[in-house]
Structures are given as structure tokens and as C-alpha cells.
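Colleague: One predicted model, sequence on top.
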Amino acid sequence: MADYKKPIPIPTPETQDFWDGAKREELRLQKCDACSAVIFPPRPFCPSCSTREVSSFTASGQARLYSYVINERPAPGFDAPYAIAIVELDEGPRMMTNIVNCEQTPEALVLDMPLEVIFEPITEEISLPKFQPAGD
Amino acid sequence: MEQKSVAIIGAAETTDLGKIPNLAQIQLHADAALNAMADCGLTAKDIDGIATAGDSPASVAHYLGITPTWVDGTGVGGCSFMLHVRHAAAAINEGLCEVALVTHGESGRSRIGRGGFAAAPATLPGQFEAPYGPAGPPSMFTIPVLRMMKETGLTLEQLASVAVVQREWAGMNPRAYMQDPITVEDVLESRMIAYPFRLLMCCLVTDGGGALILTKADRAKDFPQKPVYILGTGESVETPMISQMEDFTSSKAFRVAGSKAFAEANITHSDVDHLMIYDAFAHLPIYGLEDLGFVGRGEAGAFIADRNTAPGGKLPLNTNGGGLSYMHSGMYGMYALQESVRQMRGIAPAQVENAKVSVCHGVGGMFMASGTIIMSNESP
Ligand SMILES: [Zn+2]
């Protein structure tokens, strides 16, 4: 982990629960107590109805591949080619991620394929949620 | 805004476009601004409103010797200048200033006197996007397109045809950076940048600038150039994170800004003679044509491939060659506005005959923001 060269998230008070959860291998989302909207990225209010009454919960970790590119011009610390993917969680929100344990080719990366979350420890504090083909 | 209450009286780009390693970014603002002042016979002392993005309006005002009574530093990416035009029109109508200058200067290629950009690791993009390796717009702005293709049937060949048609327009424009004709095959065989995007589907990276000067319509005829009247305006923002865009097949900011501008102008699509849609990548004219309502959902790819937007087609689009072939400094919106002004003045290199209404639609960030300016050359 010491020679990890990719960008490392710095949690803020509003996102600490998410990153604490990731460290425990839990994908934390928030849900509005008033209108039931599921919220991501984390914030201490509901963007649908503006109430401050929201609660966090652990998501299923199940998702589908929503869209992606396969990047040939790597960001610092990355080895090309690699997919930068958007997954749609079963609970509704979408998030950016990488797809692991899967070839980084159009043939292997099929839109709407089922995925499941795994957590990659990158520092003592941070584990990054990534996704792999479900059932592997 | 009241239709045609404000006019563009001065418009110019930098003296050179493309590679300009001998000018710092602030001087690109100034070169364009001085050209625009010469265009309408004014000096800095006549200007009392300033708007810019990318650099501080204070930097530009001080550098040029302008003492403004109205300042706008709205910075929402490449369409900021569309928003500046809209805000300037409102400010002039409200009497906050009389003559407003909007400038753009960007050393996008040579990077002289220019800062960098990367998401700070404690911001939301820094926490929830940057760790997964996006390396700038080519691998971010492009992410929604596979979903667009699956949902609407848009094909890679259609996407490639956007670049082909715009190169045809660029071939008529001596200031365009790329002028040699290309084919769909050329596009689909060019170097892969971020699947499914290949090099020729991505914008240029060049240096340049542009400036606009606006004032009240009833003063516009006192200046040497044919006035270009502001007919309608719109703006909106959606999200700074591409991953959080509500609908990967449609831009909410495009829809809001576009419908506001059309309503304000009180025109229908059949009234539009000329169209600019900010094309940082080949998919943007596709989203723009559909979200502005020129065609139905899923129809824009075929509309372009069938040459409706090409020279001789019924809806001339991106007639300067666009960001794909004319120039793209990073914040291209100013160049789209300049081409709309040239078309309305009747002096564009690829002039659309008898064009009376031009729609100029910009994007900022990566589907983050949008601004739409509709212009007319007919007196109020
Ligand atoms: Zn709510």
C-alpha cells in the first residue's frame, strides 16, 4: 500500500460514514426518512425534498454495468487500458468505479451485466469500492 | 429578457489561432478584446462592464485598463461565455453598465501562464471519481455514450459522421486548424483514446481567444458593424460529476437552457437558419440536436449521417468546423458565439445564405452546465 500512486480520497465529515463503512467492507448509502429517496454521494440532507432527516444503511452491493469507457491514456499511477465504469446499484444510485477480475475489453464488459462490490484496501484508512462480475 | 433589447456590436477572435507560444493566457484575452474594441471603434475607457471565465474578471479588467461598474466571473466551464452574454444583457437592461465586454483567452496547447486542474482529494469528485482513473475529458465526458448507443440505437458510424461533416465545413474555413477531408473509415481507424472514442471524435487542443462587446439595441446602429441582436437566452447547471448525471441519454442542463431560450425568443425550430452546438466530442451535437428538440430521441445520429447538417443541408451546424476541426482551447463556447455573430453579420467563411436566426448552444464541464444564446440580424 505504501507505493500506491493513484489519487487517494480524503473523507470529509459528510462522507466519513461511507469511508468507515468501506473499511469494514460495507457499501453505505443514505435514505431520506421523509421521502425514501436513496442518496449518493453522501450528504446530510435529501436533495429530493430538502429535509435534513436522513439515515445511512448498508447497501446490497449488487449492481449492473451502466456505461463505461476503456481508457488508453492512463491517469498517473494507472496502467492502460482500463475501464472507467459507471454502475447502477440495485438501490438506484449510480457510482463511478473500476471493474476488476474481468478482462478490460468490450467483449468482456457487456452493458447491464450483473456485478457485485468488493473492497480494495489502499491505505490504513481507505478501502475503495470496486465491482466484479457477480457470482465469481 | 425583452427580445432584441441588447445587441452585440463588437466581436473578434485573437489575431492568430492554433499554436501561439509567444503569448501568455492573459494576453490572449487582451488580444481578442483589443480586436473587438477595434471592430466597434471603442477603447477600454468606453467599457464599463466585464465578464470572463478561466481567469479572474479583475485580472482581465486591470490588464486592459477597464474600470467596471458590473463584473461577472461566472465560471461553469466552456459555456460560461453564453451565460456571460445572458447576464450582460440583463445588466445592460437594468442599467448596471452600458457597454459590456466578454473575454476569453486560453493557452490550451502551449500552456503559457496557465494553471492546471485536478480534483482536490477532499471534494466529491476527488473522493468518488478521481480514484478510478479518469484522465480528463476524453475519458470522462465520453462515459455516457455506450449507454446512449444501447438505449437509442446510435451507431459508431453515425458518431464518426459528426467529425466527417464538420471537417467538410472546416475545409471551407481558412482559419480552421484541420482542413483536409476525412471519411467515416478514417475516423473509425484513428487511434483509440477511450473506447469507443477514437482520436478524430475528440476535439483539438489549441491556443486562442475571443471577445464580444454588447450594448443597448437602440445604440447599436451608432457603431460600424451590422448589429447582432440577442433574441433569447437560457442557462442551467446539472452536476459536476459525470457519474451523477440524471439521464445518460439526455442532458438536463441542455433541455432547461434550450427551452428557456426558445421560449424567450418566441421562435420555433423551423425559424432557425443556423445552429452551433459546442462539440468537445462527437457525441455532443447528437445530444444537442435531441435535447434542443430539433429531432426526436434517437434520431440525431441518422440526421447528421444523412447530411442534414452538412454544407447544403437544411440545418447548417457548426459551420466553422467546430471544436473537432476549427479550434478548441479548452473553453470553446466563445468560438461558437463568434461563428454565430459572423453568420448573422453575413461574413462567415462558409456563409449560410440569408440566415436570419442563429442558435448557439454551449456545454460547460462534462454535461455540468449549459447556456443557449439565440441571435437575430433583423432590427427590432
Ligand atoms: Zn427526501
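Modeller: Looks like it arrived, so ask away.
Colleague: Measure how buried the residue lying closest to residue B:56 once chain neighbours are set aside is and give me the count.
Modeller: Excluding its sequence neighbours, the residue lying closest to residue B:56 (CB to CB, 6 or more residues apart in numbering or on different chains) is residue B:73, at 6.2 Å. In this view, the C-beta of every residue, glycine as well, is placed from N, C-alpha and C. By the criterion of other CB atoms under 10 Å in any protein chain shown, residue B:73 has 17 neighbours.
Colleague: mean confidence for the top strand by length along chain A?
Modeller: Taking DSSP state E as the criterion, chain A has its longest strand at strand A:62-71. What strand A:62-71 shows for mean pLDDT is 98.
Colleague: One more: stretch B:94-112?
Modeller: Mean predicted lDDT for stretch B:94-112 stands at 94.
Colleague: and the longest strand of chain A, does that touch chain B?
Modeller: Yes. Judged by CB under 8 Å from any CB of the partner chain, strand A:62-71 and chain B are in contact via A:66-71.
Colleague: which one among these gets closest to residue B:168?
Modeller: The closest of those to residue B:168 turns out to be residue A:69 (CB to CB; 27.2 Å).
Colleague: With adjacent residues omitted, what lies nearest to the closest one?
Modeller: Sequence neighbours aside, residue B:194 is the residue nearest to residue A:69 in space, at 3.9 Å (criterion: CB to CB, 6+ apart).
Colleague: quick one on the thing from earlier: downstream of the longest strand of chain A, the next helix or strand is which one?
Modeller: strand A:82-89 (DSSP states H and E).
Colleague: Direction included, what does that following strand pair against?
Modeller: Neighbouring strands of strand A:82-89 in its sheet, by DSSP bridges, are strand A:62-71 (antiparallel), strand A:94-97 (antiparallel).
Colleague: Export those strands as TSV, with columns for distance to residue B:110 and mean neighbour count.
Modeller: What follows is these, written out as TSV (distance: least, CB to CB, whole Å; neighbours: other CB atoms under 10 Å in any protein chain shown):
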stretch	distance to residue B:110	mean neighbour count
strand A:62-71	25	24
strand A:94-97	31	23
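Colleague: so which of the ones you listed comes closest to the ion?
Modeller: Closest to the ion of the strands paired with strand A:82-89 is strand A:94-97 (CB to the ion; 18.1 Å).
Colleague: Now do whichever helix or strand comes after that closest one: which elements does it pack against?
Modeller: As assigned by DSSP H and E, the chain's next helix or strand after strand A:94-97 is strand A:114-121. Here strand A:114-121 touches helix A:16-23, strand A:62-71, strand A:127-133, going by 3 or more CB pairs under 8 Å, 6 or more residues apart in numbering or on different chains; DSSP states H and E.
Colleague: For the last one, which outside residues touch it?
Modeller: Read that as strand A:127-133. If you take CB atoms under 8 Å, 6 or more residues apart in numbering or on different chains as the criterion, strand A:127-133 is touched by A:9, A:19, A:22-23, A:25, A:27, A:63, A:65, A:85, A:87, A:95, A:97-102, A:113-122, B:131-132.
Colleague: Now that we have those residues, which of them are buried?
Modeller: A:9, A:19, A:22, A:27, A:63, A:65, A:85, A:87, A:95, A:97-100, A:102, A:113, A:115-119, A:122, B:131-132 (16 or more other CB atoms under 10 Å in any protein chain shown).
Colleague: Restrict those to those that also contact the ion, please.
Modeller: Among the buried ones among the contacts of strand A:127-133, none lies close to the ion by the criterion of CB under 5 Å from the ion.
Colleague: Among the strands paired with strand A:82-89, single out whichever gets nearest to residue B:37.
Modeller: strand A:62-71 (43.0 Å).
Colleague: ok and that closest one relative to strand A:114-121, angle-wise?
Modeller: Counting by axes from the mean of the first three to the mean of the last three CA atoms, to 10 degrees, strand A:62-71 lies at 70 degrees to strand A:114-121.
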